[in-house]
Structure formats: C-alpha cells, structure tokens
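Chemist: What follows is a protein structure lacking sequence information:
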C-alpha cells in the first residue's frame, strides 16, 4: 500500500468521526458557536503542534500564503455550507451538490499543477463523487454527513 | 410568447456553489503548501488562516447569544471542541498524504469519502438506519478507493 494512501485513509477516519461529533454539537448549540469552538480547538491543537514542528527556513512566499489561504478557504467553505442549508436549500440537494468539490480540485490540479490521472484513477474520482452524493441522498444520516469537518 | 417574469437565483444555490469553489481550491493550495513544508507547519499556518473567520463568527455569536438557550451549552461546546481536535488531526493526516507523494487530484477524492465513516458510526452509535441508496453509496465508496489507489 502506498504510504500516502494510509494517511489519506487516516484523514478520512478522523473527518468521518467529526460528522457525528459535529451533529452532537449542533444538537445543543448554534452552528456559529459550534464553529467558533471548533476553531479554538484548532488553535489548541496547533499550540501542541508547535512542540513537534521543526523550524523551517527559506520558505517561499507562495508556499506560506497557500497554507494560510488553505485555512481561510476551508473555514469559509464550512461557513457557506451552513448558509446554504440555512437559506432554504434542502439538505439532500445542498449536500449532494457540495460533494462535487473534489472534481474542482481534480480539474485545478490537472490544469495548474500538471497532475495526470490514469483512466482507473479518473474512474475512481468520478465514482468517489457519486458515492459521496449517494451517501447524502437518503436516510436520517444525511445531516450528520453534511459538512466538511476540517 | 409567455413571459415567465423575473427569476432570482436561489441563495442556497449560490452558497452551495461558493462552497464547491472554496473547498475545491483548498485541495489545490494544500498541495502547493505541502511542496515546501511539513504537515505540522502546514497545520499551524492553516490555523492562522482561520483567525479572520474566528473574529467574524465570534462577533456574530456575541450578537446573538442573548437569545440563545443555555441548556446543554457545555455539552455542545464539548462536542464542538472534540470536532476541532479530530478535524485538526484529520488535517495533519491529509497534509501528510500530500507530503508523502499523494497528488491533489487523487487525495482529495479519497478523503472526500469521509461520510462513509460518519454513516457507519451513525448506524452504530446514533442508531440511524441506512436506505438502499446509502448502502449503494457505501459500496461505491470502497470501489472508488480501490480505483484511486491502483
């Protein structure tokens, strides 16, 4: 097994658990307050990470800005997904629609980073998106699987 | 010819499209960042990127908190904080997958399958039931992971 796949699977498990904990949180408090405490936990985790992070020198501006932008983009995405649900969108439609986001990543990575997919991987990417949509379409679990956790 | 009158673009659709754009781009910038730093520093800077949102959401929460029920607030905060810790650990694994050679166009679709774990946990711990479509989604998710990993 590729090492990267092991880490990707680990991310999938952690984020998957957050689907349940997030649901448990928003059962008791508003989505905004939940998001705020989610962020404070990120700060706490990052403080812990400071202990193990190695000092870096000579980091490029693009790399640093990309990393900071990552936090803003992902956080904003969580906020806009809440707004979509609060603006009258049916959960099954909104969640299915936003499940398409990996396709944009694939497109941008191919166009801007020059990444290439094999036919199998392309089929896998499309199957993954279909799977994510189907998982959000039916049943009471749809809401708990709604938001990108990180 | 019949005039159907002015049509407005539904707000929920705009928010959903914005979410796709934000999360889709996040995958791209994460790969760029991972090319020049380790996962720990990436997580640190990611958190820096969350700060502007924390200020905005914190302001929103303080404005609305007067009318918010206090019952169960601590429980909700606990789950939100746990969501943040798990989400951050998921981030670290995601960044590590990118550092270890995973391409954005493959890692993003794999990790986007996290609802698989959410759905399974919801079945076990929240006693939610799956519909046929969700079972199909679950099966397709495993097919997708296989296709993306070969």
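Modeler: Cool, got the structure. All of these numbers come straight from a predicted model, not from anything done at the bench.
Chemist: so what secondary structure elements neighbour the worst-scoring helix or strand of chain B on mean pLDDT?
Modeler: Lowest on mean pLDDT, DSSP states H and E among the helices and strands of chain B sits helix B:115-125, with a mean of 87. On a contact count with 3 or more C-beta pairs under 8 Å, 6 or more residues apart in numbering or on different chains; DSSP states H and E, helix B:115-125 meets helix A:3-26, helix A:119-137, helix B:132-149. In this view, the C-beta of every residue, glycine as well, is placed from N, C-alpha and C.
Chemist: so which of those comes closest to residue A:86?
Modeler: Nearest to residue A:86, of all those, is helix A:3-26, at 11.6 Å by C-beta to C-beta.
Chemist: for that closest one, which positions count as buried?
Modeler: A:4-5, A:7-26 (16 or more other C-beta atoms under 10 Å in any protein chain shown).
Chemist: Could you tell me the angle between it and helix B:132-149?
Modeler: Taking axes from the mean of the first three to the mean of the last three C-alpha atoms, to 10 degrees, one finds helix A:3-26 and helix B:132-149 inclined to each other by 150 degrees.
Chemist: now helix A:3-26 against helix B:115-125, angle please.
Modeler: Using the same axes, to 10 degrees: helix A:3-26 against helix B:115-125 is 50 degrees.
Chemist: where's helix A:3-26 relative to the chain centroid, distance-wise?
Modeler: Put simply, helix A:3-26 sits 9 Å off its chain's centre (C-alpha atoms, centre = their mean, to the nearest Å).
Chemist: Past the helix or strand of chain A with the lowest mean pLDDT, which element shows up next along the chain?
Modeler: Counting by mean pLDDT, DSSP H and E, chain A has its least confident helix or strand at helix A:91-98, which shows a mean of 82. Using DSSP states H and E, the helix or strand that follows helix A:91-98 towards the C-terminus is helix A:101-112.
Chemist: ok, that following helix near chain B or not?
Modeler: Yes: judged by C-beta under 8 Å from any C-beta of the partner chain, helix A:101-112 comes into contact with chain B at A:101, A:102, A:103, A:104, A:105, A:106, A:107, A:108, A:109, A:110, A:112.
Chemist: was I right about residue B:116 contacting residue B:141?
Modeler: Yes: with contact defined as C-beta atoms under 8 Å, residue B:116 counts as touching residue B:141 (4.6 Å).
Chemist: between those two, what contacts are shared?
Modeler: A:131, A:135 (C-beta atoms under 8 Å, 6 or more residues apart in numbering or on different chains).
Chemist: got any ranges where chain A has weak pLDDT?
Modeler: Low-confidence segments of chain A, defined by pLDDT under 70: A:138-150.
Chemist: care to break chain B down by domain?
Modeler: In terms of domains, chain B is parsed into B:11-100, B:113-150 (source: automatic domain parsing).
Chemist: In the shortest one, which residues are buried?
Modeler: Of the residues in domain B:113-150, those buried by neighbour count under the rule 16+ other C-beta under 10 Å are B:113-119, B:121-123, B:128, B:130, B:134, B:136-138, B:140-141, B:144-145, B:147-149.
Chemist: Find the residue closest to residue A:125 in space, skipping its chain neighbours.
Modeler: Nearest in space to residue A:125, with sequence neighbours left out and distances taken as C-beta to C-beta, 6 or more residues apart in numbering or on different chains, is residue B:109 at 4.3 Å.
Chemist: and what of residue A:106?
Modeler: Distances taken as C-beta to C-beta, 6+ apart put residue B:105 closest to residue A:106, at 4.4 Å, once the chain neighbours are dropped.
Chemist: Am I right that residue B:32 is in contact with residue A:65?
Modeler: No: assessed by C-beta under 8 Å, residue B:32 is found out of contact with residue A:65, at 9.0 Å.
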